[in-house]
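Engineer: Need a 3D model of the sequence below.
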Amino acid sequence: MDDNEIRERINDKEIHKLLAPIVYLVVLMVIGIPGNLIVLIIYRQRYSKSVYRTIIWNLAMTDFLFCTLTFPFNIGRLIRYFTFYELWVCKAFTTLIVFFIMYSSHLLVTLAFHRFRQVCMPLRKQVTTENVKYWIIGSFLLAVFLDIPECVLQPLDEQTLKDGNDTVTGYVCAVSFKNNIYAEVYNGFLTFLFSLYATILFVLYIIIGRKMYLQRRMRQETMHSPSHADELSSKITKIAVTVSAVFALSYLPLFVLKLVAGKFDQQKLNTSAFAALKIFERSYAFNHVANPFIYAFFDNRFRQQFKVLIMTIFCRGRTQTESYQEERNVTRMRETSSTTAS
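Structural biologist: Numbering: from 1, shown residues only. You can find the predicted model right below:
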């Protein structure tokens, strides 16, 4: 029996440890792809042009591509956990994952900065529908630049596998790796960057929240009811805060694990601990599925448009089915008439 057959046999034996993370990713993919597609349709067709809509639409596009492209890869590298031989595939998709992380981060910081200027500095120069495209392009290019080391450094992690008297080397496309000093520096840099972005978001929204609280108190003291613009501003801020909080919490385990990569032997973990580790390594995936639910929870207009969209799709499908059935009935009647005439 050659080494490849031994690796395949060991991989098949160990796959039961990965069933939980595989199911976790499959469920998120099944929910995330249609969920983000619905956001793309509704925000493009039903919302008027604004800075908020532009950023949310780009964020939804990022999440949709993440669910469509990287979920199948993540599932595949779990199924072929010890038999992942294609280094270029590993590099390509992990680079794509880090790009989506960076780009999403920059979009959220842009949204927070936009809300900060609107609420706290309304008379100063603002992000507008005319210049927001430059913020989007800048976010994209910065994400590409920060992503370059991932493409260079991502390895296939080699692990020694034993099965009875057989010993072979397994090849893993690892989420967390520290194969050299450069990888350690890059992982540390990514963790620092994540901490910096999370801190910026936290500080900006604390300032925004305090300002809106003071404005609300002032309206109450002067007996002024909140205007439609005030209610809209409050709703957008709640959505932005929640999206940012989910982003920070879902990515936190990934960057913590990147820091401690190599500190313990994963093969010595029991089945439950190993499965939990692989889910925590991919906790970031939840961030790219959660946003449609956040919009639906806070935005009544989004919920209404979702219902309209579903009813439109259902009615269109029903109409097409009825038309097809009617055509079949007409065809059958013609065939019956022709047979009778003959």
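
Engineer: Report all helices and strands that the helix or strand harbouring L190 contacts.
Structural biologist: Per DSSP states H and E, L190 falls inside helix 181-221. In this structure, helix 181-221 makes packing contacts with helix 87-120, helix 132-153, helix 228-260, judged by 3 or more Cβ pairs under 8 Å, 6 or more residues apart in numbering; DSSP states H and E. Where C-beta positions appear, they are placed from N, C-alpha and C, glycine not excepted.

Engineer: Compare those and give me the one nearest I208.
Structural biologist: With Cβ to Cβ, the closest approach to I208 among these belongs to helix 87-120: 5.0 Å.

Engineer: Quick one: list the elements packing against that closest one.
Structural biologist: helix 51-65, helix 71-79, helix 132-153, helix 181-221, helix 228-260, helix 287-298.

Engineer: Now do the fifth one: distance to the chain's middle.
Structural biologist: Translated: helix 228-260. 12 Å (Cα atoms, centre = their mean, to the nearest Å).

Engineer: who does that helix touch, helix- and strand-wise?
Structural biologist: helix 87-120, helix 181-221, helix 271-281, helix 287-298.

Engineer: which one of these lies closest to L25?
Structural biologist: For these, the distance to L25 is smallest for helix 271-281, at 8.9 Å, taking Cβ to Cβ.

Engineer: Show me what counts as buried in the closest one.
Structural biologist: Going by neighbour count (16 or more other Cβ atoms under 10 Å), the buried part of helix 271-281 is 274-275, 277-281.

Engineer: so how many other residues sit close to the residue nearest to Y205 when sequence neighbours are not counted?
Structural biologist: With sequence-adjacent residues excluded and distances taken as Cβ to Cβ, 6 or more residues apart in numbering, Y205 is closest to V241, at 5.1 Å. The tally of other residues near V241 (other Cβ atoms under 10 Å) stands at 21.

Engineer: Distance check, V241 against R217.
Structural biologist: 19 Å (Cβ to Cβ, to the nearest Å).

Engineer: Tabulate the helices and strands packed on helix 87-120 (TSV), appending distance to Q305 and mean pLDDT.
Structural biologist: Converted to TSV, the helices and strands packed on helix 87-120 look like this (distance: least, Cβ to Cβ, whole Å; pLDDT from 0 to 100):
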stretch	distance to Q305	mean pLDDT
helix 51-65	13	95
helix 71-79	26	92
helix 132-153	22	94
helix 181-221	26	87
helix 228-260	14	84
helix 287-298	10	93
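
Engineer: out of these, nearest to P21?
Structural biologist: Short answer: helix 71-79, nearest of the helices and strands packed on helix 87-120 by Cβ to Cβ, at 5.9 Å.

Engineer: contacting residues around that closest one?
Structural biologist: Residues outside helix 71-79 that contact it (Cβ atoms under 8 Å, 6 or more residues apart in numbering): 15, 18, 21-22, 25-26, 28-29, 32, 84, 89-90, 93, 172-173, 278, 282, 285.
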